[in-house]
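>>> Need a 3D model of the following:
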Amino acid sequence: MNLKKTIMKTFKKIIYSVLCLALVYSCEYDDSPLNEDVVAQNLGAILTTISTVGSTINKNFPSESSIESTVLFNDFINNETMEAVDVYILFTDTSPVDGEVLSIPETLVETIPASDFVIGESGYPENTYTITGATMLNALNLDVALIDGGDRFTLRYDLKLTDGRSFSADDTGINVQGTSFQSPFRYGATVVCIAPPPAGTWTIDMFDSYGDGWQPTSGSGGGAGITITLDSGAIIELGLCTPYETPGYDCVDESSEGTDTFEIPEGTESAEFFYNGDNWGEMSFDLYAPSGNLVASAGANTPAGPIALNLCRE
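Here you go, the predicted model:
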């Protein structure tokens, strides 16, 4: 075992823990009440994320895709100062045609009145809002033929208070943001083409900026960074070896970067790609279909979750 690297890892864990303790809320949602000193520093209000569902919009069937977000309202007083929440939608074109990028102004989709927020299990007023891909297209007056894989829809909340103030992604004070890691006021979905994965040899380039292999959230010393479950029941596990331990999966034998391949058999109708994330913000990857097209990638600090494949050009 490399003692120096182990010490550095331990040091990073300590620093991470200290940073978490320095904040009033823990690094995960904490429903405990804020203390009086913190309340006195916060002149504003937030919408804290409880849950989100949906991170992709299927170009082939946009009406069957949606973004759903559940948020709670907190004004650090009595939670009675909300007037409404304006919901906006923004389209970002990442697939220009002949160098021309679509530029569509952000559009107001709906206004959610304060009465639609009801006290939930958190003890705060909560609301769940759902919008389909088709509704987004209609709101933006955007033809589905003009969107392509990799384009992005962003839902933005603008919180309005009864005293005339408003808070959103760009104008919420640091003190207010500091009370919650989960108050982004924004939720996004990427355009993909959901289809059977192409059969053949796939390639993945894997990287670790620290140089000690992939340590997913499932454990600090190993475990598959990516798990692919085929409709046949077969499971493919991919990872970049750690020099500290012998992982229990077939991984590439480099600790800083490596390339691996795997096979998707003919006749496969579906495959679930899942990324386990990492604790240190060091892991990243690029995933290529048999055609050589880049169909998915993740940078450092990408959270664990399903991998959305961009198969629109396959």
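
>>> now the helix or strand that Ile228 is a member of, how far from the chain's geometric center?
Ile228 belongs to strand 226-230 when elements are defined using DSSP states H and E. Strand 226-230 has its C-alpha centroid displaced from the chain centroid by 19 Å (CA atoms, centre = their mean, to the nearest Å).

>>> Following the chain past the helix or strand containing Leu90, name the next helix or strand.
Secondary-structure element containing Leu90, defined by DSSP H and E: strand 82-92. Downstream of strand 82-92, the first helix or strand assigned by DSSP H and E is strand 107-113.

>>> other SSEs contacting that following strand?
Using 3 or more CB pairs under 8 Å, 6 or more residues apart in numbering; DSSP states H and E as the contact test, the elements touching strand 107-113 are strand 82-92, strand 125-132, helix 133-140. Just so you know, the C-beta spots here come from the backbone N, C-alpha and C atoms, and that holds for glycine as well.

>>> pretty sure Arg156 contacts Pro184?
No - because the distance of 9.3 Å does not satisfy CB atoms under 8 Å, Arg156 is recorded as not touching Pro184.

>>> Mutual contacts of those two, please.
Counting by CB atoms under 8 Å, 6 or more residues apart in numbering, the common neighbours of Arg156 and Pro184 are Ala169.

>>> Contacts for the strand holding Ile228 next, please.
Strand 226-230 is contacted by residues 204, 235-239, 262, 264-265, 268, 270-276, 285, 307 when judged by CB under 8 Å, 6+ apart.

>>> Just the buried residues out of those residues, in ChimeraX syntax.
Command for ChimeraX, covering only those of the contacts of strand 226-230 found buried under the criterion 16 or more other CB atoms under 10 Å:
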select :204,236,237,238,239,264,268,271,273,275,276,285,307
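
>>> Who does Leu47 form a beta bridge with?
Taking DSSP bridges as the rule, Leu47 bridges to Phe73.

>>> So which of the contacts of strand 226-230 sit within helices?
Taking DSSP state H as the definition of helices, these contribute nothing to them.

>>> Can you get me a residue count around the nearest residue to Ile131 once chain neighbours are set aside?
When the adjacent residues along the chain are set aside, Ile131 lies closest to Ile67, with 5.7 Å between them (CB to CB, 6 or more residues apart in numbering). As a burial measure, the neighbour count of Ile67 was computed by other CB atoms under 10 Å and equals 24.

>>> Surely Ile67 forms part of a helix?
No - assessed by DSSP: H, G, I helix; E, B strand; the rest coil, Ile67 does not belong to a helix; its assignment is strand.

>>> surely it meets Phe153?
Yes - counting by CB under 8 Å, Phe153 is a contact partner of Ile67 at 7.4 Å.

>>> List the residues that are in contact with both of these two.
Between them, Ile67 and Phe153 share the neighbouring residues 188-189, with contact defined by CB under 8 Å, 6+ apart.

>>> For Asn276, what are phi and psi?
Torsion angles at Asn276 (phi, psi; degrees, to the nearest 10) stand at phi -80, psi 0.

>>> thought it was touching Leu238?
No - the criterion here is CB under 8 Å, and Asn276 misses it with Leu238 at 10.2 Å.

>>> Number of residues surrounding the spatially closest residue to Ile119 that is not a sequence neighbour?
With CB to CB, 6+ apart as the criterion, Ile119 has its nearest non-adjacent residue at 6.0 Å, and that residue is Pro125. Around Pro125 sit 21 other residues, with neighbours defined as other CB under 10 Å.

>>> what does Pro197 give?
Pro197 has 23 nearby residues by other CB under 10 Å.

>>> Likewise for Ala145?
By other CB under 10 Å, the residues close to Ala145 number 7.

>>> sorry, back to before: and the strand holding Leu90, what other elements does it pack with?
By 3+ CB pairs under 8 Å, 6+ apart, strand 82-92 packs against strand 107-113, strand 125-132, helix 133-140, strand 152-161.

>>> residues contacting the nearest residue to Ser209 once chain neighbours are set aside?
In this structure, Ser209 finds its nearest non-sequential neighbour in Glu282, 4.7 Å apart by CB to CB, 6+ apart. With contacts defined as CB under 8 Å, 6+ apart, the neighbours of Glu282 are 208-210, 212, 300.

>>> what's the answer for Leu294, then?
Applying CB under 8 Å, 6+ apart, we find Leu294 in contact with 286-288, 310.

>>> Just give me the least confident of those residues.
Minimum pLDDT for the contacts of Leu294 is recorded at Asn310 (85).

>>> what about that one, how many neighbours?
Here the count is done by other CB under 10 Å, and Asn310 has 24 residues near it.

>>> Then Thr130?
As a burial measure, Thr130 scores 12 neighbours (other CB under 10 Å).

>>> nearest spatial neighbour of it, skipping sequence neighbours?
Nearest-residue entry for Thr130: Glu68, 4.3 Å, with adjacent residues in sequence omitted and distances by CB to CB, 6+ apart.

>>> With that, I have no additional questions.
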